[in-house]
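>>> Need a 3D model of the following:
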Amino acid sequence: MRKSKFTESQRMAILAKADAGQSVEAICREHQISPATFYKWKKDLAIEQNEDKRRLKQLEEENKRLKKMYAELSLNHEILSEGYEMLKKYQAQDVKKK
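Here you go, the predicted structure:
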């Protein structure tokens, strides 16, 4: 993903222009950004300013991380279980040969 050429303080200044009454189209044209980018920044700012939304976002990120960790551990467990079953099967065959 490409890194933004705007710093956080620059984004805040751009968003403040909209609060001052300047149109979104003019702001976007002036700073050469798309309206979608402008509204994404606005949404991110609203999330950062609202404690509940910020906490929800953190919990969603943690949940995503934990789900990924669980999937990896589950896969490892399945592989090890299959390997253990194969080992028991081969050991049983070796016992029969003796």
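>>> okay, now the domains of the chain?
The record, using automatic domain parsing to delimit domains, assigns the chain the ranges 1-49, 54-98.
>>> Buried deepest among those domains, which one?
A comparison of the domains of the chain by mean neighbour count, using mean count of other Cβ atoms under 10 Å, puts domain 1-49 on top with a mean of 12. C-beta: built from backbone N, CA, C; applies to glycine.
>>> In contact with Phe6: list those residues for me.
Neighbouring residues of Phe6 by Cβ atoms under 8 Å, 6 or more residues apart in numbering: Ile14, His31, Ile33.
>>> separation between it and Lys40?
For Phe6, the distance to Lys40 (Cβ to Cβ, to the nearest Å) stands at 12 Å.
>>> try Ala18
13 Å.
>>> ok, now Gly83?
Distance of Gly83 to Lys40, computed by Cβ to Cβ: 47 Å.
>>> give me the element Leu73 is part of.
helix 51-97 (DSSP states H and E).
>>> next one: that helix to chain centre, how far?
Computed by Cα atoms, centre = their mean, to the nearest Å, the separation of helix 51-97 from the middle of its chain amounts to 21 Å.
>>> and that helix, average pLDDT?
Mean pLDDT, helix 51-97: 93.
>>> most centrally placed residue in this protein?
Nearest residue to the geometric centre of the chain (Cα atoms, centre = their mean): Glu61, 5.8 Å.
>>> separation between Ser9 and Arg65?
29 Å.
>>> for Glu51, same thing?
21 Å.
>>> One more: Gln22?
Gln22 sits 39 Å away from Arg65, going by Cβ to Cβ.
>>> what sits against the closest residue to Glu25 other than its chain neighbours?
Counting by Cβ to Cβ, 6 or more residues apart in numbering, Pro35 is the residue found nearest to Glu25 once chain neighbours are left out, at 7.1 Å. Pro35 is in contact with Val24, Glu25, Cys28, counting by Cβ under 8 Å, 6+ apart.
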